[in-house]
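Q: let me see the structure of the following:
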Amino acid sequence: MTSLDIYENSLTGSLPTEIGSLRSLTSLHLDGNSLTGSLPTEIGSLRSLTSLDLNGNSLTGSLPTEIGSLFNLSSLHLDGNSLTGSLPTEIGSLRSLTSFDLNDNSLTGSLPTEIGSLHSLSSLDLNSNSLTGSLPTEIGSLRSLTSLDLNYNSLTGSLPTEIGIFSSLTSLDLLWNSLTGSLPTEIGSLRSLSYLDLNYNSLTGSLPTEIGSLFNLTSLYLNGNSLTGSLPTEIGSLHSLTSLYLNSNSLIGSLPTEIGSLRSLTSLDLNCNSLTGSLPTEIGSLRSLTSLHLDGNSLTGSLPTEIGSLHSLTSLYLNRNFLIGSLPTDIGSLRSLTSLDLAGNSLTGSLPTEIGSLRNLTSVNLNWNSLTGSLPTEIGSLHSLTDLLLGRNSLTGSLPTEIGSLRNLTSLDLAGNSLTGSLPTEIGSLQSLDYLDLSWNSLTGSLSTEIGSLRSMTYLDLGQNSLTGSLPTEIGDLIIANLRYLNIRSNKFTGVFPESISNAIQKGDYVQISDWDDDWYDASFCFSGNNFTANVPEDFGDYC
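A: Below is the predicted model of the structure:
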């Protein structure tokens, strides 16, 4: 027998020691079964074996040293088991090995220096183990290596300069380790590299200018490190790049104009750094861009009109910067946009009517700016919208009746503006609404009974307005349904307080709930500061 292939057949039990008698076996494939126990030492007797695949079982124990006797082995796949212990030094004897996969086990210890003897190796995958120690310099001897995957381990130390010898390497994946030090300049020698992932380590220093030599690079992930310095202008030479992730570092300086040369780029994420300066107009050249995340920096200046050229853009995050000026009307050209977040800037001016053209928009967050003017009626065209957050601005005028067309809306925040007029009855059409905050405005008029249609509502804040009239009894039905936070404090409501609301509160068994921002709140019902004539209950809860 030269081949034993019984994969995905629900085999159980352990490998029998007698397997060592199959001296002519060249292929042993028992992957995708439920085999248990350890690898028998007798496996070292299979000297003719070229392919061993036992992945996707429940094997335990350590790799036997006898595995080093399989001199003809070219493919070793033991991934997806529960193997423990360290890699035996004898692994260095497998000089014919081209593919070595032990990912998703529980291996410990460091990579043996003997791994540098595997000169034929093209693919090494040890991801999702518990390996420690630094990368041995001997790894630079693996001149045939095309893929190196050691992510999700606990490797330490710096990247050895010998890594630059991997002239055939196309994929280098070392994310989620504890690597330190700076990126060696030798990384620029990896001219075949298309995928580089070193995110969530503890790398320091600046990006070497040599990174601009990686002309075949399509994906660059260095997020979640402690990189410093500015983006080198040489980054503009990476014309094949589609994904650039450098978020959650300590980068400074401005975005180089050369970034506009990355015409293949689809995702650009530089959020949570310390970038300064304005957005270069060249960003409008990134016509393939679908995701632009520059939030949590110190960017200044206004949004360039060229941003309207990004017709493929689906998410635009520029929140928590120092942007000024008004929203350009060109923003209406972003017809693919689904998420727009510019919260926490210093934007002024009114919302352009062109925003109504963004029919795919699901989320708008412009909280904490200095926007003025009234809400354009065109906002009623955004039928896919689920979140409309415009709180803490200086908006004026009344709520347009067209807001009732936003039937998918779940969160509406207009708190802390200068809105006037009464609540339109059309608001009762928003039956998916979970969160409504209109507090700290100058709203007048009475609450219509249509508010009782909002049975999905858990959070309703109408406090600090000038609302008048009696409180609709239908609010009691909202409390019975889902409402757990109600604030109508400091308005001008009159009449007898509805008994239906008092009864609903008394019957409720209130526990902590999660509001729209994932904070925990006790149920609270706040009624003080009005002109009710009788039956006014005391404020209930910790948030009144």
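Q: wait, a helix at residue 384?
A: No: Residue 384 sits outside any helix when classified using DSSP: H, G, I helix; E, B strand; the rest coil, being coil.
Q: ok, which stretches of the stretch 151-300 of the chain are strands?
A: Remark: strands assigned in the stretch 151-300 of the chain by DSSP state E, counting those that start in this stretch are 171-173, 195-197, 219-221, 243-245, 267-269, 291-293.
Q: make CSV out of those strands and add mean pLDDT and mean neighbour count.
A: Where C-beta positions appear, they are placed from N, C-alpha and C, glycine not excepted. Shown next, in CSV, are the strands of the stretch 151-300 of the chain (pLDDT from 0 to 100; neighbours: other CB atoms under 10 Å):
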stretch, mean pLDDT, mean neighbour count
strand 171-173, 98, 20
strand 195-197, 98, 20
strand 219-221, 98, 20
strand 243-245, 98, 20
strand 267-269, 98, 20
strand 291-293, 98, 20
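Q: in this structure, what spans have low per-residue confidence?
A: 509-522 (pLDDT under 70).
Q: and the helices in it?
A: 475-481, 499-507 (DSSP state H).
Q: excluding chain neighbours, what is closest to residue 349?
A: residue 326 (2.8 Å; CB to CB, 6 or more residues apart in numbering).
Q: got the contact list for the closest residue to residue 272 other than its chain neighbours?
A: Using CB to CB, 6+ apart and skipping the chain neighbours, the partner closest in space to residue 272 is residue 296 (4.1 Å). Counting by CB atoms under 8 Å, 6 or more residues apart in numbering, residue 296 touches 271, 272, 273, 319, 320, 321.
Q: wait, which of the strands of the stretch 151-300 of the chain is closest to residue 70?
A: Smallest distance to residue 70 across the strands of the stretch 151-300 of the chain (CB to CB): 25.9 Å, for strand 171-173.
Q: which strands border the closest one, and is each parallel or antiparallel?
A: The pairing partners recorded for strand 171-173 under DSSP bridges are strand 147-149 (parallel), strand 195-197 (parallel).
Q: and those strands as TSV, adding distance to residue 341?
A: Converted to TSV, the strands paired with strand 171-173 look like this (distance: least, CB to CB, whole Å):
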stretch	distance to residue 341
strand 147-149	34
strand 195-197	26
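Q: among those strands, which comes closest to residue 355?
A: Of all the strands paired with strand 171-173, strand 195-197 sits nearest to residue 355, with 36.7 Å by CB to CB.
Q: hmm, back to that, for the residue nearest to residue 349, which residues are in contact?
A: Each residue near residue 326 by CB under 8 Å, 6+ apart is listed here: 302, 347, 348, 349, 350, 352.
Q: and what of residue 187?
A: Residue 187 makes contacts with 159, 163, 164, 196, 208, 210, 211, 214, as judged by CB under 8 Å, 6+ apart.
Q: what about 7 Å?
A: Shown in contact with residue 187 (CB atoms under 7 Å, 6 or more residues apart in numbering): 163, 164, 208, 210, 211.
Q: how close does the last one sit to residue 238?
A: Residue 211 is 8 Å from residue 238, where distance means CB to CB, to the nearest Å.
Q: number of nearby residues for residue 372?
A: A count of neighbours around residue 372, defined by other CB atoms under 10 Å, yields 17.
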